[in-house]
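Chemist: mind looking at a prediction? Sequence and model below.
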Amino acid sequence: MKISASIYSDKARPLKEVIEDLVAHQVDLLHVDCNDDLNVFTDIQKIREWCSLPIDLHIITNDPDKYWDLLRKNPVEYLTFQFEDLKSPLEIPADIAGKKGLAIITPTPISVFEAYQHFDFILIMATIPGQSGGVFDKVNFSKIRQFRAKYPNKSIHVDGGVNGEVSFILRNMGVSSSVSGSYLFNAPSIGHALMNLTKREIESQYTVGDFMIPLEESPKDYIETCTTKSILEAVEKGDFGFTLILDKNKQFKGIVSSADIRKALLRKIENPSAIIPSDLINANPIKIEASATVVALLQLIKKCHFPVMYFPVVDKQGNAVGIINFVHLIKGEI
């Protein structure tokens, strides 16, 4: 996941000194907030003289048309407009360079992106726009998951409340870029903050239940009625490489993974038609409670003596409530 540093969050130092510090610490992008202020482009011109880092421009305006000529003269790598301030559907001229994004605040549903499917990404504002130091609203974990499911080929950017723990969760959810402002500049040093944003040793404020894939979206089959065929179909349709096995009361009974299927097939390779559901089901897999913190999740991963791709998630009564997988984290960091 790329870190986009919000350049105006450091109000104590001259802009050039801030940019030089960010360049020295090898941030990925420079996030420039434009609250309907054309003078921002003067800063962009200066930044182009000082460094070659990509510029991530977020414009809040009800009159996008006045920006087109400025953007032609000062092209940026990432261009985002705030949806809620637009008076009419946004139409960006074809000759405007850079990847295009739509920014939405927490109360705005992701369905508004339907009119902008030709854009490259969505920017989810997880705190109040313009409010520095806000706390990440965990409702946005669900929005990220919904957007990922509906638009798997689009990128997701997040702005607001990104600390070390939230950064880990966002990386695990496949977020492409996160904007960091006050967290980055209020740390003892930018390097210290960047280390916290990328390291795996973090403190917890959120639980697994806050960002897991809920049961209704998880692949599953039922112990009372499952057959070998229905289990294989659940694994195939689920697109995760496994399926949960529950009883009719949602009590967790086990899991069937591609590895479990392979092992069962090897055991009965001479007569594969003899494979029954109990041959496939791992009735005692490693699982985690929804109330577990992110730190507890990481500790559990460390204890495993094999690569971890996913965990079933249960409540304190042993009922299945969802899954957590690490596909995006593995793709992004290995």
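Modeler: Nice, thanks for sending it over.
Chemist: what sits against residue 146?
Modeler: residue 110 (CB atoms under 8 Å, 6 or more residues apart in numbering). Bear in mind the C-beta positions are built from the backbone N, C-alpha and C, glycine included.
Chemist: any chance you could map the helices in the stretch 151-300 of the chain?
Modeler: 164-172, 182-186, 190-198, 208-211, 228-238, 258-267, 277-280, 294-303 (DSSP state H, counting those that start in this stretch).
Chemist: model confidence over the third one, on average?
Modeler: In other words, helix 190-198. Average pLDDT, helix 190-198: 60.
Chemist: you'd agree residue 122 is in a strand?
Modeler: Yes: counting by DSSP: H, G, I helix; E, B strand; the rest coil, residue 122 is part of a strand.
Chemist: I'd like the numbering to begin with 19 instead of 1 from here.
Modeler: Sure, I'll start numbering at 19, so the last one becomes residue 140.
Chemist: OK, contacts around it?
Modeler: 119, 120, 121, 122, 128, 131, 165, 169, 172, 173, 174, 175 are the contacts of residue 140 under CB under 8 Å, 6+ apart.
Chemist: farthest pair in those residues?
Modeler: 121 and 169 (15.2 Å; CB to CB).
Chemist: more neighbours: those two, which one.
Modeler: Neighbours per residue, other CB atoms under 10 Å: of residue 121 and residue 169, the larger number sits with residue 121, 22 against 17.
Chemist: quickly list what that one is bridged to.
Modeler: residue 100, residue 141 (DSSP bridges).
Chemist: just checking, it touches residue 99?
Modeler: Yes: between residue 121 and residue 99 there is a contact under CB atoms under 8 Å: 6.7 Å.
Chemist: show the pLDDT at the residue of the chain most remote from its centre.
Modeler: Among residues of the chain, the one most distant from the C-alpha centroid is residue 288; the distance is 44.6 Å, by CA atoms, centre = their mean. Note on residue 288: pLDDT of 93.
Chemist: how about it, what does it touch?
Modeler: Taking CB under 8 Å, 6+ apart as the definition, residue 288 has no contacts.
Chemist: how about residue 118, secondary structure?
Modeler: strand.
Chemist: quick check: it vs residue 244, distance?
Modeler: 46 Å (CB to CB, to the nearest Å).
Chemist: so those two - more neighbours on which side?
Modeler: residue 244 (23 against 17).
Chemist: hey, least reliable of the helices of the stretch 169-318 of the chain by pLDDT?
Modeler: Minimum mean pLDDT among the helices of the stretch 169-318 of the chain: helix 208-216, a mean of 60.
Chemist: bridging residues for residue 340?
Modeler: The partner residues for residue 340, given DSSP bridges, come to residue 232, residue 331.
Chemist: now do the contacts for residue 32.
Modeler: Neighbours of residue 32 in contact, by CB under 8 Å, 6+ apart: none.
Chemist: with the one 4 residues further on instead?
Modeler: Applying CB under 8 Å, 6+ apart, one finds that residue 36 lies in contact with 25, 28.
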